[in-house]
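Student: give me coordinates for this.
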Amino acid sequence: MTMMRAIQVPAPGKPMELVQVPIPDPKVDQILIRVQACGVCHGEAKIIEGWANSYPRIPGHEVVGVVEKLGDGATKWKVGQRVGIGWDGGHTCGHHQTTALTMDGGYAEYMVANEDALILIPEELSSEEAAPILCAGETVFSALRNSVARAGDVVAISGIGGLGHLAIQYAKKIGLYVVAISGNKDKEELARNLGAHQFIDSSTENVAEKLRELGGAKVIVATAPHGKTISSLIDGLGKDSELIIAAVADDDLGLTAMDFLKGPNTIRGTFTGKTKELESALRFSVLADVRPMIEVFPLEKAAEAYEKMMAAKTKFRAVIGVGY
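Tutor: From the prediction side, this is the model:
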């Protein structure tokens, strides 16, 4: 039996561990992928917390690799093509699978996936660049594309990290007036280099007041995972505007009925992860020359990459380089 290296969460609440497991064999309509890169995302915390349907479970839902073998009946892809998969392991095509929750993910040298859940990776993107777009990039890209903002509107990006640094780039390339918000003054130069027109230092300035001076933000994308930070943004909205929550915040937002009566405004989350949205995010990233800033780790250091990501110490997306 041919074996591969993989990172597993052995049981809920247990840390990741490097193991040797058999290379999976693709079943009907499935593809065996030789993984090249897998992004490290906050979603991995949910596997550790016990959200997966069975254990041990291989995490990783920002996966890019090469088609290695076709299962019976699989006709959509050819051996050697470079493909990717996100959270949607097959929900939209009737397989009812979620990558890393109901099926093993990409923290491994190989993984199997339903052929209809895969997308083609553009040649212009390296595997390490493409991986974070399959969740983080698509999340903020879709948030902006599906928002009420139109070219020329004021859009604020709260948080300049793994999500925020991509959101700033997308917003600028879409033609929006971009206001970057961070409690770290040292990030101003980076924010402006990424495309921000204005920077607000939330550690010394009243964010809502600064946004109201601009007439209020048409859209605020909250990428910093802190409930109080998110709720404090509401007063910076303009009329008929949106606060879009893109971050996973575990603490209470602390909202009251009055927060919803100040509008009319909308407060909503953003989560898609479907194949068509992933294709759109990748295509726009190529057309507009948007790229994630990444830090690459070998497979055996996946746990370290995860811990650095959770502590917001990566610059700015951690990626596991599995090999070629």
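Student: dump the residue contacts of residue 171.
Tutor: Neighbouring residues of residue 171 by C-beta atoms under 8 Å, 6 or more residues apart in numbering: 144, 155, 157, 178, 195, 221. C-beta: built from backbone N, CA, C; applies to glycine.
Student: scan those and report the most crowded one.
Tutor: residue 157 (35 neighbours; other C-beta atoms under 10 Å).
Student: just the element for that residue, please.
Tutor: strand 154-158 (DSSP states H and E).
Student: quick one on the thing from earlier: farthest-separated two in the contacts of residue 171?
Tutor: 195 and 221 (13.7 Å; C-beta to C-beta).
Student: give me the secondary structure label for the spatially most central residue of the chain.
Tutor: In the chain, the C-alpha nearest the mean C-alpha coordinate belongs to residue 136, at 1.6 Å (C-alpha atoms, centre = their mean). Three-state call for residue 136 (DSSP: H, G, I helix; E, B strand; the rest coil): helix.
Student: would you map the helices across the stretch 101-250 of the chain?
Tutor: Counting by DSSP state H, counting those that start in this stretch, residue ranges of the helices within the stretch 101-250 of the chain are 127-132, 138-145, 164-174, 188-194, 207-213, 227-231.
Student: could I have the shortest one exported to CSV, CA atoms only?
Tutor: Taking only C-alpha atoms (Å, rounded to 0.1, in the frame of the first residue of the first chain), the coordinates of helix 227-231 have been written out as CSV:
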residue,chain,number,x,y,z
GLY,A,227,-16.9,41.9,18.1
LYS,A,228,-16.5,45.3,19.7
THR,A,229,-14.4,46.5,16.7
ILE,A,230,-17.1,45.4,14.3
SER,A,231,-20.0,47.0,16.2
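Student: quick one: buried residues of it?
Tutor: Neighbour counts over helix 227-231 (16 or more other C-beta atoms under 10 Å) mark 227, 229-231 as buried.
Student: pull out the buried residues from the helix or strand of the chain with the lowest mean pLDDT.
Tutor: Lowest on mean pLDDT, DSSP states H and E among the helices and strands of the chain sits helix 257-261, with a mean of 70. Of all the residues in helix 257-261, those buried under the rule 16+ other C-beta under 10 Å are residue 259.
Student: got a list of contacts for that helix?
Tutor: Helix 257-261 has contacts (C-beta under 8 Å, 6+ apart) with 231, 234, 267.
Student: including pLDDT, could the residues you listed go into a markdown table?
Tutor: Output for the contacts of helix 257-261, formatted as a markdown table (pLDDT from 0 to 100):
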| residue | pLDDT |
| --- | --- |
| 231 | 81 |
| 234 | 91 |
| 267 | 83 |
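Student: measure stretch 49-68 end to end?
Tutor: Length of stretch 49-68, first residue to last, C-alpha to C-alpha, to the nearest Å: 32 Å.
Student: centre of the chain to it, how far?
Tutor: Relative to the centre of its chain, stretch 49-68 is centred 15 Å away, using C-alpha atoms, centre = their mean, to the nearest Å.
Student: please identify the buried residues of that stretch?
Tutor: Neighbour-count burial for stretch 49-68 [16+ other C-beta under 10 Å]: 52, 56-68.
Student: repeat that for stretch 98-113.
Tutor: The neighbour-count check on stretch 98-113 (16+ other C-beta under 10 Å) flags 98-113 as buried.
Student: closest one of these to residue 132?
Tutor: residue 106 (12.3 Å).
Student: surely the closest one and residue 84 touch.
Tutor: No. Taking C-beta atoms under 8 Å as the definition, residue 106 is not a contact partner of residue 84, at 9.4 Å.
Student: any common contacting residues for these two?
Tutor: 63, 65.
Student: using the three-state scheme, assign residue 46.
Tutor: Classification of residue 46 by three-state DSSP places it in helix.
Student: quick one, what contacts it?
Tutor: So residue 46 contacts residue 101 (C-beta under 8 Å, 6+ apart).
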